[in-house]
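Colleague: fold the stuff below for me.
(2 chains)
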Amino acid sequence: MTPNPSPHHADITFAYQPIVDVVDRKTVSYEALVRGRANESAFKVFQRVEAVNLHSFDASCRVAAIELACHLGLPCDLNLNLLPRSLFSSPEAILSTIQAANLNHLALDRITLEVTEGEVIDDHAHFAQLLDEYRGLGIKISIDDFGAGHSGLNLLADLQPDQLKLDMTLVRNIASLGPRQSIVRAILGVCHDLGIDMIAEGVETLDEYAWFAEHGVRLFQGYLFAQPGFECLPQPSIPNPNPLLA
Amino acid sequence: MSELMHCIYASAAVHDYTTVELAKLLQRSQQNNQRCGVTGVLLYVEGNFFQVLEGRPADVIHTYEKISQDSRHTRVTRIISESIHRRAFSDWSMGFLSLSQQQLADMLGARDFSDRTQSIQPIVNGRARKLLEAFCEGRWRTKLPAPQQLFKMSA
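Modeller: Numbering: from 1, shown residues only, chains lettered A, B, ... in the order given. Predicted coordinates for the structure are as follows:
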């Protein structure tokens, strides 16, 4: 007997939050964030999923996120979350995503898969090898919440993603905290050396924004620019990071 | 296995190359690469090489192995080796750029560095381009200009 995946596809929907390029002053991608029908948080939605169904649920989220984003007229890239262990559970995890992209005429090089650092499996090399196959199809890879997990820079020895999203704990109040600045400068150096785009995520204040902009970061996501839009693709506001340069 | 990959490395020349030597090196590399369908770009800046090799995995790996054993350069450092969706240098059996300090400064001065250097125009956005920019900004160079040159530069 096949367990009924719950909650069903029909019980979920998505909010989309823009990732902005502050130099070109445009939205380069939207991250799809799962929500309940009544805008319940992702946390609540996942609470309703039984462990046995987790990976099929994860896969169906990506399919539904693509369908809705394309229906809304997605004009740029789309960032989709992926539970790293889904890659090992079954090839369906990604095949269904690719199929949904094809059905909705979304080119694969407009898709970025976000993998949370803390969830990456211990066998980095094996994991990197699996992701590399999707890279060959044009799909981009992003490491989410970087700096929050235990693998840290070590992960980048085996896996060089296209994107790295800095964990909010490193972003918060960075303009006044030396140790955070020092760590982020080191990570930025690695990104520069390896051709990885850094995204400052969870940016809420002008001070945080200004610090990253001064250090050459041009990709941002956070409340300062736009809150996630429930079932819509919100337009960001992009403040000038440094009035002195205006 | 994916159909295409790129391998990007940096190395240091064992001696300063003259223009004639560089031309010979490039010619040989182009002949070899044309035979096996490897494309890419080779940069030479003040004793430092930087090369992008792209093509079918077996060909790229074979070419890189041959190159890394070549005694005319040292400190061969593999930076990135991964699958790619499409070539960034499809028309070039091996593009070549030899840059002087001034050309480099010009290039870095341009906000979008493809603006001023005609030969870099066709490069699509992606890792190869980002690494090329990083190398032009001084990353992955292990050979420093001679002290005399440094003195001249700061004068």
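Colleague: make it CA atoms for all contacts and neighbour counts henceforth
Modeller: OK.
Colleague: the biggest helix by length in chain B - contacts with which helices or strands?
Modeller: In chain B, with assignment by DSSP state H, the single longest helix is helix B:19-36. In terms of contacts (3 or more C-alpha pairs under 8 Å, 6 or more residues apart in numbering or on different chains; DSSP states H and E), helix B:19-36 is not packed against any helix or strand.
Colleague: chain A against chain B: which residues are in contact?
Modeller: Selection of chain A residues close to chain B by C-alpha under 8 Å from any C-alpha of the partner chain yields A:132-133, A:135-138, A:160, A:162, A:192-196.
Colleague: what about 10 Å?
Modeller: Within chain A, the positions near chain B by C-alpha under 10 Å from any C-alpha of the partner chain are A:108-109, A:128-129, A:131-139, A:159-162, A:189, A:192-197.
Colleague: any idea how far the helix or strand bottoming out on mean pLDDT in chain A is from the middle of the chain?
Modeller: Ranking every helix and strand in chain A by mean pLDDT, DSSP states H and E puts helix A:86-89 at the bottom, with a mean of 80. Offset of helix A:86-89 from its chain centre (C-alpha atoms, centre = their mean, to the nearest Å): 18 Å.
Colleague: got it, and stretch A:38-47?
Modeller: 18 Å.
Colleague: list the buried residues of it.
Modeller: By neighbour count, and taking 16 or more other C-alpha atoms under 10 Å in any protein chain shown as the criterion, the buried residues in stretch A:38-47 are A:Asn39, A:Ser41, A:Ala42, A:Val45, A:Phe46.
Colleague: which one of the residues you listed is nearest to chain B?
Modeller: Proximity of these to chain B (C-alpha to the nearest C-alpha) peaks at A:Ala42, which lies at 31.6 Å.
Colleague: hang on, the closest one packs against A:Val49?
Modeller: No: counting by C-alpha atoms under 10 Å, A:Ala42 sits too far from A:Val49 to count as a contact (11.0 Å).
Colleague: still on that earlier bit, please list only the buried members of the residues of chain A next to chain B.
Modeller: Buried among the residues of chain A next to chain B by 16+ other C-alpha under 10 Å: A:108, A:128-129, A:131-139, A:159-162, A:192-197.
Colleague: contacting residues around the spatially most central residue of chain A?
Modeller: Chain A has A:Glu114 as the residue nearest its centroid, 4.3 Å off, counting by C-alpha atoms, centre = their mean. By C-alpha atoms under 10 Å, 6 or more residues apart in numbering or on different chains, A:Glu114 lies in contact with A:31, A:79-84, A:140-145, A:161, A:163-165.
Colleague: just those residues: which are in strands?
Modeller: Counting by DSSP state E, the contacts of A:Glu114 place A:31, A:79-81, A:140-145, A:163-165 in strands.
Colleague: can I have the buried ones of the residues you listed as a PyMOL selection?
Modeller: Typed into PyMOL, the line below selects the buried ones among the ones in strands among the contacts of A:Glu114, using 16+ other C-alpha under 10 Å:
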select buried, chain A and resi 31+79+80+81+140+141+142+143+144+145+163+164+165
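Colleague: from the middle of its chain, how far away would stretch A:152-161 be?
Modeller: With C-alpha atoms, centre = their mean, you get 17 Å for stretch A:152-161.
Colleague: buried residues in that stretch?
Modeller: A:Leu155, A:Leu156, A:Leu159, A:Gln160, A:Pro161.
Colleague: next: stretch A:53-65.
Modeller: Of the residues in stretch A:53-65, those buried under the neighbour-count criterion (16+ other C-alpha under 10 Å) are A:Leu54, A:His55, A:Ser56, A:Phe57, A:Asp58, A:Ala59, A:Ser60, A:Cys61, A:Arg62, A:Val63, A:Ala64, A:Ala65.
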